[in-house]
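Peer 1: Return a 3D structure for these sequence lines:
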Amino acid sequence: MTILSILLSAFFLFASSIKITGWQNYIHTTQMSFFKKYGLTRLHMILIGVVELSAAISLLVSNILNMPTLMIYGALSITIVSSGAIYFHCKYDTLKDAIPAITTLLMSIMIFVLNNAFMLF
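Peer 2: A predicted model of the protein is given here:
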């Protein structure tokens, strides 16, 4: 599970940094074109990036401090963001465009299940 959460953290640290700062021009431009197609603005992109960054940090800190509850909240945040991405990709794009979001959704669900998250609710 540690490997799974570290992989998700790394992915979302990278993805969120581009959404927030736009440091990687090609990916940022591609993502911004998706957001515009969805009727979303640069502010929406930044806010989603902040949620992704918070989730990635939660997953990393939960591994370092052995805090399963924090890991669950990080995974829940990724589940929500990935579900939204899947929705928009399927509505406006192709299923192929949704594959990364489907992958991160499945990984976050695995973290949920492996942490017995459903026992908390």
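Peer 1: okay, now the residue lying closest to V50 once chain neighbours are set aside: neighbour count?
Peer 2: In this structure, V50 finds its nearest non-sequential neighbour in I20, 6.7 Å apart by Cβ to Cβ, 6 or more residues apart in numbering. Quick note: C-beta positions are derived from backbone N, CA and C, even for glycine. Neighbour count of I20, defined by other Cβ atoms under 10 Å: 17.
Peer 1: same thing with S108?
Peer 2: 27.
Peer 1: pLDDT value on it, please?
Peer 2: Note for S108: predicted pLDDT of 95.
Peer 1: Wait, it touches Y73, no?
Peer 2: No: counting by Cβ atoms under 8 Å, S108 sits too far from Y73 to count as a contact (11.0 Å).
Peer 1: re earlier: would you state the secondary structure element containing the residue nearest to V50?
Peer 2: Using DSSP states H and E, I20 sits within helix 2-21.
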